[in-house]
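here you go, sequence then predicted model.
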Amino acid sequence: ILNMVRHENFKVEYLAAAILSATASALGNTYNIRVKGQWTTNAALYIIMVGRPGLGKTPPLGFLYKPIREHDDRMYEKYNEEWDAYEKALASSGTRRGGEAEDCTLLRKPQLVTTVISDFTPEAMMSIHQHNPRGIALVVDEIRALFNSVKRYNNRNNLIEDLLTAYSGQPLKVIRKSEARPILIRNPCINIIGSVQTNLLPEIFRAEYMANGLLDRFLFV
């Protein structure tokens, strides 16, 4: 941390927070801490970096999450290769056997495994986490966008409730008509990190977030 501050002119507080977040995202569900008795917790952290514009909140975040994003890129390439093979197998099955349904059911549709997401719907977040049980990271440059997304989906948005549930280590379950089959995440692990300008901080401290305990889960830097 001190070397990066010295040579890259990063702010030590933001860099330290970004290292904590990236390390927690890399660990995911692979390790848990037993607090006491049956109470265990994973490495998930909710972090908001606060500062005036131009103070350097974003560069440390991009630097520390680069290895994880590069891993996601390799997984995306693998997904594309598997999808091409899947489509070829479907076409071959249809040509060889007249497209009989039982041939198609033997083929497993590829699923994208990724860790870092930035722009998403609550449904997409749950689907991505389902295919990556190790854990996901919501890395948003402007944290207000995460809170404001609740308004976009009116009363159907359960994002805040899902984040509260995940932080408590309780299973996440989604049963909707739009989903082909229910989503169940037994051990959720969701890391969150983003930034906000100092003068915009009051927009986050809204009454509903203070009442439901969401803001109590966040570390402010």
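Okay, I see it. Every value quoted in this text rests on a predicted model; they were computed, and no experiment measured them. Numbers count the residues shown, from 1 in each chain.

pLDDT wise, what is N157 at?
At N157, the model reports a pLDDT of 61.

equivalent analysis for A18, please.
For A18, the predicted pLDDT is 96.

got the contact list for it?
60-61, 63-65, 193 (CB atoms under 8 Å, 6 or more residues apart in numbering). To be clear about C-beta, it is placed using only N, CA and C from the backbone, and glycine gets the same treatment.

and the residue nearest the centre of the chain?
A137 (3.1 Å; CA atoms, centre = their mean).

which parts of the strand or helix carrying that one are buried?
Applying DSSP states H and E as the criterion places A137 in strand 136-142. Buried residues in strand 136-142, counted by 16 or more other CB atoms under 10 Å: 136-140.

which strands and helices lie in contact with that strand?
In this structure, strand 136-142 packs against helix 12-27, helix 58-97, strand 116-117, helix 122-131, strand 190-197, with contacts taken as 3 or more CB pairs under 8 Å, 6 or more residues apart in numbering; DSSP states H and E.

what's near enough to touch the residue nearest to the centre of the chain?
By CB under 8 Å, 6+ apart, A137 lies in contact with 21, 25, 65, 68, 115-117, 190-193.

just send those back as a markdown table, with distance to E161 and neighbour count too.
Output for the contacts of A137, formatted as a markdown table (distance: CB to CB, whole Å; neighbours: other CB atoms under 10 Å):
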| residue | distance to E161 | neighbour count |
| --- | --- | --- |
| S21 | 23 | 28 |
| S25 | 22 | 27 |
| Y65 | 26 | 21 |
| I68 | 27 | 17 |
| T115 | 23 | 22 |
| V116 | 23 | 17 |
| I117 | 19 | 18 |
| I190 | 13 | 24 |
| N191 | 18 | 27 |
| I192 | 15 | 23 |
| I193 | 20 | 28 |
